[in-house]
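J.: no sequence on this one, just coordinates:
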Ligand SMILES: C[S@@+](CC[C@H](N)C(=O)[O-])C[C@H]1O[C@@H](n2cnc3c(N)ncnc32)[C@H](O)[C@@H]1O
């Protein structure tokens, strides 16, 4: 069975992550199953998950909040949004993506299940895209969780 984080890790490895703001924020993190892999990939970084629903795990690194009004005064070197439910809550995610540049001091990476979802994200982001270099990325897992993605930089 493919490691479900292999594709994600292989994308992040190719992104121009800066150590200037060593903080990762995963918005709409759900159970945040990627946390161990991300901590390993980014040693010394604060790895924070945020979701509007109450998270099952009790951890200081998990925050329950509405991303429309992010409760942070700092910026993040990497913001991750995986599979935002944009078809269910289009207005909400439109506002979230439009506000995100204020909190970004580096790279935003969004992954989605479908091309249309990624198009939605692109349409609400006013930041320059990053093209990811060769060699090829790790294969997509059976669920296709990282088949479609977009990454952008701070202007
Ligand atoms: C399709 S799930 C994806 C969960 C996880 N990122 C994954 O890849 O499995 C979308 C998540 O976004 C969260 N979400 C929706 N609206 C949100 C908001 N306004 N602020 C924070 N999280 C939100 C939902 O609660 C849900 O956990």
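T.: Nice, I can see it. Computed from a predicted structure; not experimentally measured.

J.: longest strand anywhere in this protein?
T.: Taking DSSP state E as the criterion, the chain has its longest strand at strand 104-112.

J.: so after that strand, what's the next helix or strand?
T.: helix 115-123 (DSSP states H and E).

J.: Now that following helix: buried residues?
T.: 117, 118, 120, 121 (16 or more other C-beta atoms under 10 Å). For every residue, glycine as well, the C-beta is placed using N, CA and C.

J.: just checking, what packs against the longest strand of the chain?
T.: helix 6-13, strand 76-82, helix 115-123, strand 148-153 (3 or more C-beta pairs under 8 Å, 6 or more residues apart in numbering; DSSP states H and E).

J.: how big is the angle separating that strand from strand 148-153?
T.: If you take axes from the mean of the first three to the mean of the last three C-alpha atoms, to 10 degrees, strand 104-112 sits at 170 degrees to strand 148-153.

J.: What distance do you get for residue 130 to the ligand?
T.: 21 Å (C-beta to the nearest ligand atom, to the nearest Å).

J.: Leaving out chain neighbours, which residue sits closest to that residue?
T.: residue 151 (4.6 Å; C-beta to C-beta, 6 or more residues apart in numbering).

J.: Pairing partners for the longest strand of the chain, with directions?
T.: strand 76-82 (parallel), strand 148-153 (antiparallel) (DSSP bridges).

J.: what angle sits between the helix or strand of the chain with the lowest mean pLDDT and helix 6-13?
T.: Least confident helix or strand, the chain: strand 148-153 with a mean of 80, by mean pLDDT, DSSP states H and E. On the basis of the same axes, to 10 degrees, strand 148-153 is oriented at 20 degrees to helix 6-13.
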